[in-house]
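Novice: build the 3D model from these lines:
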Amino acid sequence: MASSSISYRDDIGRASPLLTGRLLAFVYLGVFGLFLLILVVVALWGRASDGDPVARLVMPSRPHLMRARHAAAEQPEPAAIKNVPPATVSPENPPGVLPPPVRPVVPPPAAAGTNPADPALIEQTPQGPLPRIGNDGRTPMMAYAPFVPSTRAPRIAVVISGLGISAKGTALAIEELPPMVTLAFAPYENDVQRWVAQARARGHEVLLEVPMEPFDFPDSDPGPHTLRAAVGEETNTQRLVWSLTRFTGYAGITNLLGGRLLADEDSLAPIMTYVSRRGLMFFDSGPQNRSVAPEVARRINAPYVQSEITLDTIQTGMEIDARLSELEKLARTNGSAAATGFLVPVTVDRVANWAKGLEGRGVVLVPASAIVAQGK
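Specialist: Now for the predicted structure:
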């Protein structure tokens, strides 16, 4: 019995490795088959990630991207170097699309459909519309000058410059100042033609401010296309044409800064000749004691007005009132007088109040072109 029992246990011990291997093989085959079954089910009826949180990046539609690219590509080159207002982002740019780069705005040449001007007095050029003398001899200065009743009373012309840069200030000046006040517009803003049309509709005479080199250039910089004493006539003419084509409907030009250029006869004479041949007046707002413009104008017989007083060198109501009183005395002495001021609220306010009782004091407010007509 003992030997038989030992023989049985030995058989079991020899058989156990074989049974264990077979069991493991069946287990591996079962697990592999189950894995294959899961893969087939997922491929046919769902994703293993269904039901889990998923983060998605949603790209905007292609038309929005194209609009953003076109807007960036079509931005004009910079105009004024200093004091350029920031651009705003268009509301049609969808979330996720960066706005086009912010750049200073340079207005294109005046569009034909927005010209508040006589077509007979416009020469269409590749650079834009240029003023010209009409075939009947009419000049822009004559055509765009407001009507002034005949009078023997002393006449005063006041030119307010700097319009077209600040929308709020420009609107205030157009609405608050008497129609006989002449308004001078800078050429650097995109909607200047609209403002000029509004000013002329209110009865204001309009001048174009042309950037000219000051004595402290480039510390004081009137912007690109500045007429300079150090460059040749051809370059200055090209820069002048750029300014002349920004808008239409003006009776003449005036200097934006320009002390140094106005003191250089060789540089100034070709400019005044070009302006005169276009039928425009030249209003000199520069320092009287250094400007050679009066001599050049007499020599070439150009329409010209010299500003004798700057109203707001000191921008207080009391000082501006004192300059206006001085202007009246000068007009009574000489028969006429001209002054210039800048677009600041205190200047607009004091000039508007001063003009209310002017005729009762025996003096008449007229546009700048009326001083030219008097031969001053």
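Novice: drop to CA atoms for contacts and neighbour counts, all remaining ones
Specialist: Will do.
Novice: in this structure, which strand has the most residues?
Specialist: In the chain, taking DSSP state E as the definition, the longest strand is strand 155-163.
Novice: buried ones in that strand, by neighbour count?
Specialist: For strand 155-163, the neighbour count (16 or more other Cα atoms under 10 Å) marks Arg155, Ile156, Ala157, Val158, Val159, Ile160, Ser161, Gly162, Leu163 as buried.
Novice: with stretch 171-182 instead?
Specialist: Neighbour counts over stretch 171-182 (16+ other Cα under 10 Å) mark Leu172, Ala173, Ile174, Leu177, Pro178, Pro179, Met180, Val181, Thr182 as buried.
Novice: just put the residues you listed in a markdown table and tack on distance to Asp221, pLDDT and secondary structure.
Specialist: Output for the buried residues of stretch 171-182, formatted as a markdown table (distance: Cα to Cα, whole Å; pLDDT from 0 to 100; DSSP: H, G, I helix; E, B strand; the rest coil):
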| residue | distance to Asp221 | pLDDT | secondary structure |
| --- | --- | --- | --- |
| Leu172 | 26 | 95 | helix |
| Ala173 | 25 | 97 | helix |
| Ile174 | 27 | 97 | helix |
| Leu177 | 28 | 98 | coil |
| Pro178 | 31 | 96 | coil |
| Pro179 | 31 | 96 | coil |
| Met180 | 30 | 97 | coil |
| Val181 | 27 | 98 | coil |
| Thr182 | 24 | 98 | strand |
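Novice: mind checking how far the closest residue to Met212 other than its chain neighbours is from Glu209?
Specialist: Once flanking residues are discounted, Met212 sits nearest to Gly258: 4.0 Å by Cα to Cα, 6 or more residues apart in numbering. Using Cα to Cα, to the nearest Å, we find Gly258 at a distance of 11 Å from Glu209.
Novice: compare those two (neighbour count), which wins?
Specialist: Shown here are Gly258 and Glu209; by other Cα atoms under 10 Å, Gly258 has more neighbours (29 against 24).
Novice: wasn't Leu365 part of a strand?
Specialist: Yes: checked against DSSP: H, G, I helix; E, B strand; the rest coil, Leu365 lies within a strand.
Novice: how many neighbours does it have?
Specialist: Neighbour tally, Leu365, other Cα under 10 Å: 23.
Novice: and what of Gly223?
Specialist: Neighbour tally, Gly223, other Cα under 10 Å: 18.
Novice: what mean pLDDT does the one helix or strand Ile271 maps to get?
Specialist: Per DSSP states H and E, Ile271 falls inside helix 265-277. For helix 265-277, mean pLDDT is 97.
Novice: ok, then the element right after the lowest-mean-pLDDT helix or strand in the chain?
Specialist: Across the helices and strands of the chain, mean confidence by mean pLDDT, DSSP states H and E is lowest for helix 62-73: a mean of 33. Counting by DSSP H and E, the next helix or strand C-terminal to helix 62-73 is strand 122-125.
Novice: within the sheet, what are the partner strands of that next one, with directions?
Specialist: Sheet pairing here is set by DSSP bridges, and for strand 122-125 it gives strand 128-131 (antiparallel).
Novice: what is the rounded mean pLDDT of the next helix-or-strand element following the partner strand?
Specialist: Downstream of strand 128-131, the first helix or strand assigned by DSSP H and E is helix 140-143. The average pLDDT for helix 140-143 rounds to 96.
Novice: any chance you could list what contacts helix 140-143?
Specialist: Applying Cα atoms under 8 Å, 6 or more residues apart in numbering, the external contacts of helix 140-143 come out as 121, 131-133, 249-252, 278-281, 369.
Novice: how about 10 Å then?
Specialist: With Cα atoms under 10 Å, 6 or more residues apart in numbering as the test, helix 140-143 has contacts from 117-118, 120-122, 131-134, 205-207, 248-253, 276, 278-282, 303, 368-370, 372-373.
Novice: which SS class is Gln198?
Specialist: helix.
Novice: not counting sequence-adjacent ones, nearest residue to it?
Specialist: Nearest to Gln198 is Ile174, by Cα to Cα, 6+ apart, at 7.6 Å.
Novice: is it true that the one you found touches Gly203?
Specialist: Yes: taking Cα atoms under 10 Å as the definition, Ile174 is a contact partner of Gly203 at 9.3 Å.
Novice: good, wrapping up.
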